[in-house]
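J.: structure for the following, please:
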Amino acid sequence: MIMKEIPKVRYAVIGGSGTWAGEYPENTGIEGIRILQRDMEFETPFGTTVPMKLFELDGSLTADGQPRQVLTVPFHGFHGLAPWNTPSEQVFWVFQQAGVEYIVAEGSAGGINPLLDPGDVVVPHDFIDMTKRPSNIHHFTNNIPRMNDPLCPDLRNLLVQAAREVYAGQNNRIFSRGVYGNTEPPRFETPSEVRMLRTMGADLTAHTIAVEAYLSRAIGACYAGAYIVSNFAEGVVDTSWQGESIFDCYRDCADKFGRITVKAIAAIDPSKKHCHCQENMIVVPSTGRLSTALPIPADTPAKNLQIFHSRILFFIKFPIKPGSVQLTKPLEWRYFP
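T.: Residues are numbered from 1 along each chain as shown. Coordinates of the predicted model:
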């Protein structure tokens with residue numbers, strides 16, 4: 001159902017492989033969850049989103065004791081296996097319009113670090129972006145995200161705490177740190193690519209964290225994720241696993257990962273925020289604008305007028321005749337006397 005309005009919410013969950021096999025959040029078994037609306041699709045500049053869901057957590061579950069509405073999108077917003085270039089932009093355009101401030105994600109990954117076993121849960125603290133996808137970040141901000149602390153430490157702590165509670169008494173290990181090697185979907189990595197990622201410091205590999213992390217930063221939201229190791233990456237320890245086994249992993253963890261994300265969202269206390277996610281933006285200073293079709297005056301000093309357009313630097317020779325230079329699009333300019 002195409003929605004005419006986007007609901008205003010502060011909290012969002014990006015579902016992935018971890019909840020793929022279940023009906024989220026109904027499958028969590030947590031009392032106090034009420035579904036407000038299903039099958040919500042939104043028109044965006046990047047295309048129509050997959051159906052989303054809006055649910056509410058009862059105040060008895062939340063850190064501030066107030067009911068909390070949560071917008072959730074399944075499987076990272078992917079439309080099957082394609083298109084791969086814009087689903088995240090569709091999702092984050094909706095999140096930006098909704099006013100989302102906190103985003104929890106989940107998924108699965110291949111283990112690169114030989115110390116990791118299938119079934120382990122990793123909450124990464126950093127990532128390596130090896131994708132070749134075009135960056136559409138300029139559609140969300142005019143500033144430059146600084147990625148010195150790319151994944152929100154506050155949300156990471158809540159995810160680790162929730163995972164330890166959910167997996168208490170089981171053999172699954174919970175890791176509070178890890179480097180996620182983000183490769184190009186929709187295929188798995190080659191053994192050589194895995195060796196390269198391991199040399200670069202990656203502990204696990206999958207396809208989604210990078211774009212979600214930098215678009216979260218662009219819209220001013222905190223973001224972190226939890227990932228279950230579904231298999232050994234190619235060439236690591238044991239590659240005799242069969243493709244069907246990863247789906248067995250998804251079916252086994254669906255309810256658990258649903259509970260992890262709900263518990264983490266419920267535990268957020270905006271009054272006790274310690275991260276600096278919103279501060280990690282480099283504000284680009286305004287250097288002035290030349291409006292469309294504005295002629296450069298003939299008496300402009302000949303020295304050092306630089307005009308920038310789409311990151312290309314143009315040098316204009318002087319003197320010039322009045323009206324001889326017409327700008328067809330707004331351009332940034334810097335004048336140094």
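J.: report pLDDT for the residue nearest in space to the middle of the chain.
T.: Nearest to the mean C-alpha position of the chain, by CA atoms, centre = their mean, lies residue 212 at 1.1 Å. Looking at residue 212, its pLDDT is 96.
J.: check contacts around it.
T.: 14, 76, 88, 92, 103, 105, 223, 225 (CB atoms under 8 Å, 6 or more residues apart in numbering). Placement of C-beta: from N, CA and C, glycine included.
J.: give me the element the third one is part of.
T.: With secondary structure defined by DSSP states H and E, residue 88 is part of helix 87-98.
J.: neighbouring strands of the helix or strand following that helix in the sheet, and parallel or not?
T.: Downstream of helix 87-98, the next assigned helix or strand under DSSP H and E is strand 102-111. According to DSSP bridges, strand 102-111 forms sheet pairs with strand 11-14 (parallel), strand 204-206 (antiparallel), strand 222-232 (parallel).
J.: who wins for proximity to residue 144 among the ones you listed?
T.: strand 222-232 (17.0 Å; CB to CB).
J.: tilt between the next helix-or-strand element following that closest one and strand 102-111?
T.: Following strand 222-232 in sequence order, the next helix or strand is helix 244-267 (DSSP H and E). For helix 244-267 against strand 102-111, the angle by axes from the mean of the first three to the mean of the last three CA atoms, to 10 degrees is 160 degrees.
J.: the helix or strand following helix 244-267 - what's its average pLDDT?
T.: Per DSSP H and E, the first helix or strand lying C-terminal to helix 244-267 is strand 281-282. When pLDDT is averaged over strand 281-282, the result is 86.
J.: tell me what strand 281-282 is packed against?
T.: Under the contact criterion of 3 or more CB pairs under 8 Å, 6 or more residues apart in numbering; DSSP states H and E, strand 281-282 touches strand 144-145.
J.: dump the strands paired with strand 102-111 to TSV, plus mean pLDDT.
T.: TSV is the format used below for those (pLDDT from 0 to 100):
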stretch	mean pLDDT
strand 11-14	98
strand 204-206	98
strand 222-232	96
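J.: dump these into JSON lines; add distance to residue 277 as well.
T.: Formatted as JSON lines, the strands paired with strand 102-111 follow (distance: least, CB to CB, whole Å):
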{"stretch": "strand 11-14", "distance to residue 277": "14"}
{"stretch": "strand 204-206", "distance to residue 277": "22"}
{"stretch": "strand 222-232", "distance to residue 277": "5"}
